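Visitor: Following is a predicted model, sequence given first.
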Amino acid sequence: MAGLIDRACRLLDAYGALFLARRRIVGSLILTATLCDPTTGLCGLVAGLAAMLTRDLLRLPALPGEADLLNAIYAGLALGAFYASEPRLLALAAFGGLLAVPLATALRQMLAGPSGGRGLPLLGAPFLGTAWTVLAVARALGLPLRSLWPAWPVLPDWLPAADAAASTLAHVGALFFVAHPLAGVLVLAALLLASPILALLAVAGGLLASALLSAVSTTAIPGLPLLAAFNGTLVAIFVGGLLAAPARRTLLLAAGAVLVASALSAALLTLAAPFGVPPLSAPFVLTVWLASAALRADSSAWWARFWLRVPASPEDSLVNAGLASARGLAGGSTALLPPYAGRMTVSQAVDGAHTHRGAWRYALDFVATVDGRSHRRNGSRLSDFHAFDQPLLSPVEGCVAACRDDIADNRPGDMNLVENWGNHVLIDIGGGLYVLLAHLRRGSIRVAPGQRVAAGAMLGRCGNSGRSAQPHVHLHVQRGLALGSPTVPFHLVHCLIDDREYALDGQPGVGQTVAALVNDPSLTSACSPGPGRQWLFKAGEDEWRLAAETGLLGDTRLVSSSGGRVQATAARSVLAFHHRRGSPDPLLDAFVLAFGMIPLATRPMRWRD
C-alpha cells in the first residue's frame, strides 16, 4: 500500500514539475485539466505510469524534478491530442513512456554532462524525440486522426472566436494539449498555487505571441495561433521565471525570446507541413538553447551569474537574491578559499599601488608575517622569509589548465621582469574563467595539466619566482586561458579576517590578516542535515522534532513536528537556513533566528547575519 501511495505521489510531482511545484494539489489540478479531454488525459496518464515502471525496472535514478516522467507524460498527451481513442492508442502511449526514460537519461548526459553543471538545459528534448516517434508510428499504423497534421489541436467548435477571455483560457489549457477553457482555468489555478509570478508570465507570454502574430500575419495558417501561444507561454515561463536570476533584463530577454519563438513557430510549421510532422515545442526548446548557449559568462561578463545553477521559481529567486544581498554575497564575483593553510597578511589588494592596476586590478598578494615582519633577521636569504616554502592549496575545484615549474627563485630584492608570473598553476573553473596562483618555488609544483583538483588540494609551495621581490602568493581570477588575461572580481570564503571576523564573503584590504579555517569533522557531522536525519528536543513532557528531507531538485529542508519548513544548506562547513515556510511554529522561527548561519568551526570568532 505504501508503495502505491509513493508511486501516486511521484506521478503527481511529475505533473506539477513544469512549474517546480512543491504541493501535490498543483499536480492534481493539472491531471484533472488533462482529463477535460478524456483521450488526451488518459494517454498522458498511461505514458507516465509506463515511464515510472520502466525507470524502476532499469534501476535508473529519477532525473531532477522528475524530468523523465514529465517528458513521458507530455508525449502521451501529444499522442492523445492528435489521435482518436482506441486500444492501440493506449498501447502506443505506454511505448512512449517506455522510450522517454532512457532517452531523457541519455540526452541529459549529452546536453548537460554527468554533473549537469555545464552545457544546455534538458527542457523538452526527450518529449520531442518521444512524441515524434510515437506520432510517426501511429501514422504508420493508420490510427484515425482527430486533427490533421501539422495543425495544432483546434479550439472547441462552440467557442466564439471573439470571446477573448475564453480564447486566452483555452490557450493556457493548450499548455497541456487540452485547448479548452475549463482546462485553462484548472491550469491557471495550478500556476497561481505554484507561483503567481509564473502565472503572470505564462499569460503575458501567450498574449504577446498572439499579438505579434496578429500584427504581422496577413493570411491565416491553421493551428499557428495556438502553436505560437503554446511556445510563447513556455518561453516566458522558463526564460523569464525558472532559469534566470530576477532582474529587469530578464523580462526584456524573455520578451525577445517570445518574439524568436513566435517566428520559429511560423517557420517550423511551414517547413513541417509537407512532411506531416507537428513542431510541438521545438520552437521553445530551440529558443531557450539559443539564449543559454549564446548569453554565457564566457561570451560576455554582463551575463555572469545570469543563469541559475538550479532552476527555481521567481519567488524563490527573489528571496535568494535578497538573502545574498543581506549576507554580503557578491553578485558578480567568484568565490575562492584562501590558497594556504594557516594565516597570512595582504600585502597588495585590489587596485593595489604597484601591479594591481588596469586589466589586472582584481588580485591579492599574500605574505606571512610574525610580529608585523615578513622575515627573520635582515631578510638577506629566501629562507629568512616566513612565507617561503609554505604549502599552497587549491582555492577551488577545477582542472589544471597550465603550470610551470622550472623558473629560478629570485634573490630577495631582485625581480625577473621577463617571466612576470614565474612558476604558476592555472586552474580552469568553467565559464571561461581561470584561477591563477603565481610566484611558486621552483620544483615544488605537485600537479600537471589536465589533472582534476579538489578545493584544498596541494598544488606546490610559495616561492619568489617571476616579478617578485620577496616570497609571496599572488592570486587572481582571469577571463581567458592566456597568462595576463584581464582579471575579474572574486572574493574569499570561509575565512577569518584579522583573527576575529568570520567572512562568508571576504574582500580584505592591505594589512589585514586572512586565516583559513580548519573544518571540524565531528562538528560538521553532528550538524549536517543529511536526508533522513532527525533531531529531538525535550522540555519536560513536551517534545519538538526536526527531520531532514530531500526535495525534488535535491534540496534539503528541515520539517518540524508542527509542519513548519525551512531550507537548509551545508557547504564548506557552513550551515545556513532560508525560505521559512509551512505551518506556524514559534519554536522553528526561534531556531532559524538563532542558527540562521553557523560556521562549523571550533575557533572563537564573530560574524554578522
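Guide: Received the coordinates, thanks.

Visitor: gap between the two ends of stretch 365-383?
Guide: 19 Å (CA to CA, to the nearest Å).

Visitor: Show residues contacting that stretch.
Guide: Residues outside stretch 365-383 that contact it (CB atoms under 8 Å, 6 or more residues apart in numbering): 338-340, 342-349, 352, 356, 384-390, 409, 411-412, 462-464, 470-475, 513-514. Every residue, glycine included, has its C-beta placed from N, CA and C.

Visitor: now swap in stretch 208-219 and tell me
Guide: Contacts for stretch 208-219 (CB under 8 Å, 6+ apart): 171, 224-225, 228-229, 231-233, 236, 255, 258-259, 261-262, 265-266.

Visitor: what's downstream of the one helix or strand M52 maps to, the next helix or strand?
Guide: Per DSSP states H and E, M52 falls inside helix 38-57. Using DSSP H and E, the helix or strand that follows helix 38-57 in sequence is helix 67-82.

Visitor: by contact count, what packs against that following helix?
Guide: In terms of contacts (3 or more CB pairs under 8 Å, 6 or more residues apart in numbering; DSSP states H and E), helix 67-82 is packed against helix 2-16, helix 38-57, helix 87-112, helix 125-141.

Visitor: next one: that helix to chain centre, how far?
Guide: Chain-centre distance of helix 67-82: 25 Å, with CA atoms, centre = their mean, to the nearest Å.

Visitor: Dump that helix to PDB, keeping only the CA atoms.
Guide: Provided in PDB are the C-alpha atoms of helix 67-82 (Å, rounded to 0.1, in the frame of the first residue of the first chain):
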ATOM      1  CA  ALA A  67      12.000  15.400 -15.800                       C
ATOM      2  CA  ASP A  68      11.900  12.000 -17.300                       C
ATOM      3  CA  LEU A  69       8.300  11.300 -16.100                       C
ATOM      4  CA  LEU A  70       7.200  14.800 -17.200                       C
ATOM      5  CA  ASN A  71       8.600  14.300 -20.700                       C
ATOM      6  CA  ALA A  72       6.800  10.900 -20.900                       C
ATOM      7  CA  ILE A  73       3.500  12.400 -19.800                       C
ATOM      8  CA  TYR A  74       3.900  15.200 -22.400                       C
ATOM      9  CA  ALA A  75       4.500  12.700 -25.200                       C
ATOM     10  CA  GLY A  76       1.400  10.800 -24.200                       C
ATOM     11  CA  LEU A  77      -0.700  14.000 -24.100                       C
ATOM     12  CA  ALA A  78       0.500  14.900 -27.600                       C
ATOM     13  CA  LEU A  79      -0.400  11.500 -28.900                       C
ATOM     14  CA  GLY A  80      -3.900  11.700 -27.400                       C
ATOM     15  CA  ALA A  81      -4.400  15.200 -28.800                       C
ATOM     16  CA  PHE A  82      -3.800  14.100 -32.400                       C
END
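
Visitor: quick check: mean pLDDT across it?
Guide: For helix 67-82, the mean per-residue pLDDT is 92.

Visitor: Just want the angle from that helix to helix 2-16.
Guide: 70 degrees (axes from the mean of the first three to the mean of the last three CA atoms, to 10 degrees).

Visitor: got the angle between helix 67-82 and helix 87-112?
Guide: 140 degrees.

Visitor: angle of helix 67-82 against helix 38-57?
Guide: Going by the same axes, to 10 degrees, helix 67-82 makes 150 degrees with helix 38-57.

Visitor: Number the chain from 669, please
Guide: Happy to do that; since the first residue is 669 now, the last one works out to helix 735-750.

Visitor: quick one: helix 735-750 to helix 793-809, angle?
Guide: 30 degrees.

Visitor: buried stuff in helix 735-750?
Guide: 735-750 (16 or more other CB atoms under 10 Å).
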